[in-house]
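A.B. asks: Need coordinates for the below:
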Amino acid sequence: MNYTTVGVDIAKSVFQLHWVDAETGEIISKQVKRSVFLEQFANRAPCLIGMEACGGAQHWARRLMEMGHQVRLMQGKYVKAFVSGNKNDVADARAIWLAVQQPGKEVAVKTEEQQAVLALHRMRQQLVKFRTMQVNCLRGLLTEYGEVMNRSRAALDKAIADVLERLTSRLPAVLIDTLREQWQRLDELDKEIAEIERRLQVWMKQDTACKAIAAIPGVGLLTATAAVATMGDAKTFKSGREFAAWLGLVPRQVGTGGKVKLLGISKRGDTYLRTLLIHGARSVLCHMKEPGAWVEQMQKRRPPNVVTVALANKMARMIWAVLAHDRQYQKGYVSVKPV
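C.D. replies: As a prediction, this is how the structure comes out:
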């Protein structure tokens, strides 16, 4: 079926549309308000609509797909290559219209439930960041008065009560009371983080995909829920290697004249999920008694960090295989190349 291709540059209040009329060949560039955006596609024949995967794109993609249109979300870096001249809404919409017609990896459209899980992850990540900042702030302020403590949270909790007691006679009571309140605030942050993790645990128990990949060594609560929600439909990736490349866990390539040189990992894609996979791989290497023959061979000839990333790459491929083929994780499974 031949779709009319439409490039849409979304924003907070004003959207820019770009397409070519199939009957007249006229190039149409149109600006519409947010409130009437969906009306532009309500009575139209099914279109191929391209958008950058930015804030609000998932919502509009779901609404347009409900109307029967085909939506393709693309990364901003991919669209940028098609921008010519000065950057503005008109040029961006034209670039999106050009980019959506080219072959390339698109961003999966997520369900509202999957986005809700990712929202929990983002809020938890923010609370952890606040907690770390709070600990560092307390340590830094007390250092100004000659009280130096170790960096860990446990060291802070162990020493701060005695420190505040010693400083009571030297410092104003308003400062001592404020420091004590901020220290107690850490317990509140702990409770909020634990509550989010409890809600993620409830969702994980109800989701078969999360339970399936949680059996993989190194994949815990956070990695399992984030992987399922971030990936969307596993079958949008052709292979496990493509999924690992999408996460930035494969080497960058520099080649010319038929000679290709492999560099460090590309670090493209979702930083959060890639970080969880690497931490999970490091946990496997540190705590598993029998990591396996493949890991042992890698450890003999490669540095520890390289082995960690290689194992994270392998974990990503296993996650894709379990979800794409709808099978359970098997420890001794050996893949067979199709004939």
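A.B. asks: alpha carbons only for contacts and neighbour counts from here, please
C.D. replies: OK.
A.B. asks: Please, where are all the strands along the protein?
C.D. replies: Listed in chain order, the strands of the chain (DSSP state E) span residues 4-9, 14-20, 27-33, 47-52, 70-74, 251-256, 259-265.
A.B. asks: Format the ones you listed as JSON lines; extra columns: mean neighbour count, mean pLDDT and distance to K191.
C.D. replies: What follows is those, written out as JSON lines (neighbours: other CA atoms under 10 Å; pLDDT from 0 to 100; distance: least, CA to CA, whole Å):
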{"stretch": "strand 4-9", "mean neighbour count": "24", "mean pLDDT": "91", "distance to K191": "41"}
{"stretch": "strand 14-20", "mean neighbour count": "21", "mean pLDDT": "92", "distance to K191": "41"}
{"stretch": "strand 27-33", "mean neighbour count": "14", "mean pLDDT": "90", "distance to K191": "42"}
{"stretch": "strand 47-52", "mean neighbour count": "24", "mean pLDDT": "92", "distance to K191": "37"}
{"stretch": "strand 70-74", "mean neighbour count": "21", "mean pLDDT": "91", "distance to K191": "37"}
{"stretch": "strand 251-256", "mean neighbour count": "11", "mean pLDDT": "83", "distance to K191": "40"}
{"stretch": "strand 259-265", "mean neighbour count": "11", "mean pLDDT": "83", "distance to K191": "36"}
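A.B. asks: could I get those strands as TSV with distance to E192?
C.D. replies: Conversion of these to TSV gives the following (distance: least, CA to CA, whole Å):
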stretch	distance to E192
strand 4-9	37
strand 14-20	37
strand 27-33	39
strand 47-52	33
strand 70-74	33
strand 251-256	38
strand 259-265	35
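A.B. asks: For beta bridges, what are the partners of L73?
C.D. replies: Under the criterion DSSP bridges, L73 forms beta bridges with M51, V107.
A.B. asks: Point to the residue nearest the middle of this structure.
C.D. replies: Residue closest to the mean C-alpha point of the chain, counted by CA atoms, centre = their mean, is D270 at 3.6 Å.
A.B. asks: Can you give me every residue that contacts the spatially closest residue to it that is not a sequence neighbour?
C.D. replies: With CA to CA, 6 or more residues apart in numbering as the criterion, D270 has its nearest non-adjacent residue at 5.7 Å, and that residue is L247. Contact analysis of L247 by CA atoms under 8 Å, 6 or more residues apart in numbering lists K267, R268, G269, D270, T271, L273, R274.
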